[in-house]
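Asks: Could you look at this predicted model? Sequence included:
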Amino acid sequence: MEKLMTPEEAARLLAVSPRTVKDWLRRGDLKGVKAGNLWRIRESDLERFLGEDEDRTRREPLDPFSPGRM
């Protein structure tokens, strides 16, 4: 059986806040399962999320002159 982690555990691994992870879950950016009002994240879903982010970064070079960039 695949390990399930809490948003707090995922946040620690990703070096973001638990609220950020929960926002990603609510928006569907990060796939998770909900048991009652508790979110759980499969390791494979977290790995997929990280891989998609890495792919997106490779495809979309950062423009230092785009709005919102310093």
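Replies: Structure received. Residues are numbered from 1 along each chain as shown.

Asks: Ala35 and Leu4, how far apart?
Replies: 9 Å (C-beta to C-beta, to the nearest Å). (Each C-beta comes from the backbone N, C-alpha and C, glycine too.)

Asks: Comparing those two, which residue is more hemmed in?
Replies: Between Ala35 and Leu4, counting by other C-beta atoms under 10 Å, Leu4 is the more crowded of the two (15 against 8).

Asks: Any chance of the backbone angles for that one?
Replies: phi -110, psi 140 (degrees, to the nearest 10).

Asks: Report the secondary structure state of Ile41.
Replies: Applying DSSP: H, G, I helix; E, B strand; the rest coil to Ile41 yields a three-state assignment of strand.

Asks: Next up, the contacts around it.
Replies: Leu4, Met5, Thr6, Pro7, Ala10, Val21, Leu25, Leu30, Lys31, Gly32, Val33 (C-beta atoms under 8 Å, 6 or more residues apart in numbering).

Asks: what's the most distant pair in these?
Replies: Spatially, the most separated pair among these is Thr6 and Lys31, at 14.9 Å (C-beta to C-beta).

Asks: which residues sit against whichever strand or helix holds Arg26?
Replies: Using DSSP states H and E, Arg26 falls within helix 18-27. Applying C-beta under 8 Å, 6+ apart, the set of residues contacting helix 18-27 from outside is Pro7, Glu8, Ala10, Ala11, Leu14, Leu30, Gly32, Trp39, Ile41, Phe49.

Asks: For those residues, give me a markdown table that also has secondary structure.
Replies: Output for the contacts of helix 18-27, formatted as a markdown table (three-state DSSP):
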| residue | secondary structure |
| --- | --- |
| Pro7 | helix |
| Glu8 | helix |
| Ala10 | helix |
| Ala11 | helix |
| Leu14 | helix |
| Leu30 | coil |
| Gly32 | coil |
| Trp39 | strand |
| Ile41 | strand |
| Phe49 | helix |
